[in-house]
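**Student:** attaching a predicted model along with its sequence, questions to come.
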Amino acid sequence: MKQLLKYVALLAYVFFLAFPLVWLLSTALKTPQEMAGLHPTWIPERPTLDNFAAAFGEQDLVGAAARSMVVAIASAVLTVVVALPAAYAMARYRGAVSRVATGWVLVSQVFPFILIIIPLFMVLRNLDLVNTLPGLIIVHVTFTLPFALWMLQGYVRAVPRELEEAASVDGAGRIRSIVSVVAPLLAPGVVATLLFSFISSWNEFLFALVVLKDPDVMTLPLTLVRFTGPEGVSRLGPLAAASLMATVPSLIFFAIIQRRLRSGLMAGAVKG
């Protein structure tokens, strides 16, 4: 009975997580008349692919998805490249600088980003980075970096110092001990940070709205807004179809990297 209750609770949790995707799929397959009905239904009475055809025909969803993918991958990789050595230094070398850096990380998480929109736009304009993907990548890295530092710092502190000391006793230098001993144990943290940075960049809207103005360089979240009419009325069918397609790359990325995360956890456990 206890095992049955666990499975019921697990199924309920899975249903809770899958509900938005199921509802998006149902809405994307409905006709306008069925969506306007007074009694919503889970399963469309007359499923149609017209909403998908309209979504891809009216907007450059493929191009926007490709640009979002470039921005998200570049932001995630750069964030990890910058955050990893900084997190190691903050975790291993205690002192005034480390305390100030940790305080900066905490303060940056509660700082309202809306207050720096105008200064940010002016800085990017002076650097000729407005309306460019590199400018958006720099912004995403800047505002993802504090939380990435906080995440990786916790993983570094979880690695015992004794492992590095043992490596140094065996003749390994500082760089060798970090690469051969510490780095494999940090694989789960690196993968988790990559995933967080990718999802944050993929879904980010506010900074993209400020930085990008030309439709030819807009990312996917900005393209989805174009399914809203001039009076603020959303075209639910094409919007649901486009939103459903927008979730597919992030789900695929999570499925791929989740496998690496599990293998990294097992490798870290064995090496530890």
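**Tutor:** Ah, there it is. Numbering: from 1, shown residues only.
**Student:** excluding chain neighbours, what is closest to the most centrally placed residue in the chain?
**Tutor:** Nearest to the geometric centre of the chain sits Ile199, at 1.2 Å (Cα atoms, centre = their mean). Excluding the flanking residues, the one nearest Ile199 by Cβ to Cβ, 6 or more residues apart in numbering is Ser250, at 6.1 Å. For the C-beta atoms, the positions are set from N, CA and C on the backbone; glycine is no exception.
**Student:** repeat for Leu106
**Tutor:** Once flanking residues are discounted, Leu106 sits nearest to Trp150: 7.9 Å by Cβ to Cβ, 6+ apart.
**Student:** now swap in Val190 and tell me
**Tutor:** Excluding the flanking residues, the one nearest Val190 by Cβ to Cβ, 6+ apart is Val80, at 5.9 Å.
**Student:** Thr41 now?
**Tutor:** Leaving out its chain neighbours, the residue that sits closest to Thr41 by Cβ to Cβ, 6+ apart is Glu34, at 7.2 Å.
**Student:** what does Leu244 give?
**Tutor:** The spatial neighbour of Leu244 that comes closest, neighbours along the chain excluded (Cβ to Cβ, 6+ apart), is Leu24 at 4.6 Å.
**Student:** one more: Thr79?
**Tutor:** Excluding the flanking residues, the one nearest Thr79 by Cβ to Cβ, 6+ apart is Ser197, at 4.4 Å.
**Student:** who's in contact with Val70?
**Tutor:** Leu133 (Cβ atoms under 8 Å, 6 or more residues apart in numbering).
**Student:** can we see that at 10 Å?
**Tutor:** Applying Cβ atoms under 10 Å, 6 or more residues apart in numbering, we find Val70 in contact with 133, 136-137, 219.
**Student:** now, which of these lie within helices?
**Tutor:** Within the contacts of Val70, residues falling in helices by DSSP state H are 133, 136-137.
**Student:** out of those, who has the most neighbours?
**Tutor:** Counting neighbours by other Cβ atoms under 10 Å, Leu136 leads these with 28 neighbours.
**Student:** local confidence estimate at that residue?
**Tutor:** Leu136 is assigned a predicted lDDT (pLDDT) of 93.
**Student:** related to what we said a few turns ago, if I pick the residue nearest to Val190, what's in contact with it?
**Tutor:** With contacts taken as Cβ under 10 Å, 6+ apart, Val80 has the following neighbours: 87, 141, 144-145, 148, 152, 189-191, 193-194, 196-197.
**Student:** please convert the buried members of the residues you listed into PyMOL selection syntax.
**Tutor:** A single PyMOL command selects the buried members of the contacts of Val80 (16 or more other Cβ atoms under 10 Å):
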select buried, resi 87+141+144+145+148+152+189+190+191+193+194+196+197
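**Student:** can the contacts of Val80 go into CSV with extra columns for distance to Ile257 and pLDDT?
**Tutor:** Shown next, in CSV, are the contacts of Val80 (distance: Cβ to Cβ, whole Å; pLDDT from 0 to 100):
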residue, distance to Ile257, pLDDT
Ala87, 19, 85
Val141, 18, 92
Thr144, 16, 89
Leu145, 19, 88
Ala148, 15, 88
Leu152, 16, 87
Gly189, 13, 84
Val190, 10, 86
Val191, 6, 84
Thr193, 11, 88
Leu194, 6, 88
Phe196, 11, 86
Ser197, 11, 90
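**Student:** just the contacts of Val80 now: which is nearest Leu212?
**Tutor:** Val141 (16.1 Å; Cβ to Cβ).
**Student:** the closest one looks like it's in a helix, true?
**Tutor:** Yes. With DSSP: H, G, I helix; E, B strand; the rest coil as the criterion, Val141 is assigned to a helix.
**Student:** look up how far Val71 lies from it.
**Tutor:** Note on Val141: its distance to Val71, by Cβ to Cβ, to the nearest Å, is 10 Å.
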